[in-house]
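> A predicted structure for the sequence below; I have some questions about it.
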Amino acid sequence: MDKREIAHILFQADRQVEEIERFTKKYPQFGVEEGYEIQEILLEHHLKKGSHLVGWKMGMTSLAKMRQMNLKDPIHGFLTDEMQVSDKGVMSVKKRIHPKVEPEIAFLLKQDVHKALSAPEAFSVISCIAPALEVIDSRFKDFDFKLPDVVADNCSSSGFVVGGGRTRFPSQRLKNLGIVLEINGKAVQFGSSAAILGDPISSLIELSKIKEREGKVLRAGEVILAGGATAAVTFQAGDHVRALVEGLGSVEFFAKA
Ligand code: 0L1
Ligand code: MG
């Protein structure tokens with residue numbers, strides 16, 4: 001198994017909007033650690049093409065999904081400026097294979113993070129807590145993947161939107177905020193921030209532990225997507241997609257061909 005070749009295939013599938021078969025079919029011995037090595041090479045491809053790293057996402061953060069995939073820990077991926085769409089902006093459908101959207105909570109970092117954070121420390125490094133929408137678009141046919149595949153595929157990352165949010169927010173409230181996902185004004189999913197690892201701040205804490213293990217630094221200004229609070233939902237060109245998070249406000253995009 002050639003990791004560079006797999007990263008290249010994933011990058012091309014994304015650029016050419018072409019779905020591919022999961023690699024674990026051909027390489028059953030392919031593991032999660034190799035998945036992260038491939039993800040790192042994939043990031044190099046994005047940077048070489050002129051994209052900038054703007055943050056990180058945590059995935060599979062709901063206990064139900066972790067149980068389903070037999071996971072002890074969530075997974076993580078990178079976010080680039082090319083993936084970001086401004087609040088009320090346009091999300092292209094034709095640049096994506098089979099996009100789905102999920103409501104999330106985002107943290108904005110006000111300082112570099114060099115080490116694993118405790119909960120109070122995690123709150124102290126955040127400049128803003130905001131409602132967010134994440135668009136996932138697995139490069140694998142029918143979203144059919146095993147854990148190493150999806151990790152290599154940057155955890156299905158494709159697009160994201162961050163709303164205005166709040167610079168001050170009571171930490172105790174964050175763990176149980178009502179969340180609604182609307183498509184064309186109709187509520188299609190309801191959830192709670194508790195679905196994100198029991199408390200979204202745990203996502204930032206987990207990420208800080210991962211980065212400490214990797215010997216890497218989270219940078220001031222980076223966005224952290226804490227994880228999906230509901231199931232992800234398919235959308236189409238012409239749809240208006242909005243997430244409302246209790247106490248934090250809303251965030252939206254217009255899906256265009
Ligand atoms: O953001 C996420 O939780 C998605 C992780 C990848 C799994 C998927 O594509 O459903
Ligand atoms: Mg997500």
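Yep, it's here. Residues are numbered from 1 along each chain as shown. Ligands and ions are numbered 1, 2, ... in the order given.
> In three-state terms, label Ile105 for me.
Of the three states, Ile105 takes strand under DSSP: H, G, I helix; E, B strand; the rest coil.
> Tell me what it is bridged to.
Note on Ile105: beta-bridge partners by DSSP bridges are Pro131.
> Just list the residues touching it, thanks.
129-132, 174, 177, 193, 196, 200, 225-226, 229, 245, 248 (CB atoms under 8 Å, 6 or more residues apart in numbering). C-beta: built from backbone N, CA, C; applies to glycine.
> And it, how far from ligand 1?
12 Å (CB to the nearest ligand atom, to the nearest Å).
> again, but for Gly178
Gly178 sits 20 Å away from ligand 1, going by CB to the nearest ligand atom.
> for that residue, which residues make a bridge with it?
According to DSSP bridges, beta-bridge pairing links Gly178 with Ser192.
> What helix or strand is the residue positioned nearest the centre of the chain located in?
Centrality entry for the chain: nearest residue to the mean C-alpha point is Lys57, 3.8 Å, by CA atoms, centre = their mean. Applying DSSP states H and E as the criterion places Lys57 in strand 53-59.
> after that strand, next one along is what?
Assigned by DSSP H and E, the successor of strand 53-59 is helix 63-68.
> Now do whichever residue of the stretch 51-200 of the chain sits closest to ligand 2: how many residues are near it, please.
Residue nearest to ligand 2 within the stretch 51-200 of the chain: Glu134 (4.0 Å; CB to the ion). Applying other CB atoms under 10 Å, we find 28 residues neighbouring Glu134.
> and the gap between Pro200 and Met83?
20 Å (CB to CB, to the nearest Å).
> between these two, which one's more packed in?
More crowded of Pro200 and Met83, by other CB under 10 Å: Pro200, with 28 against 20.
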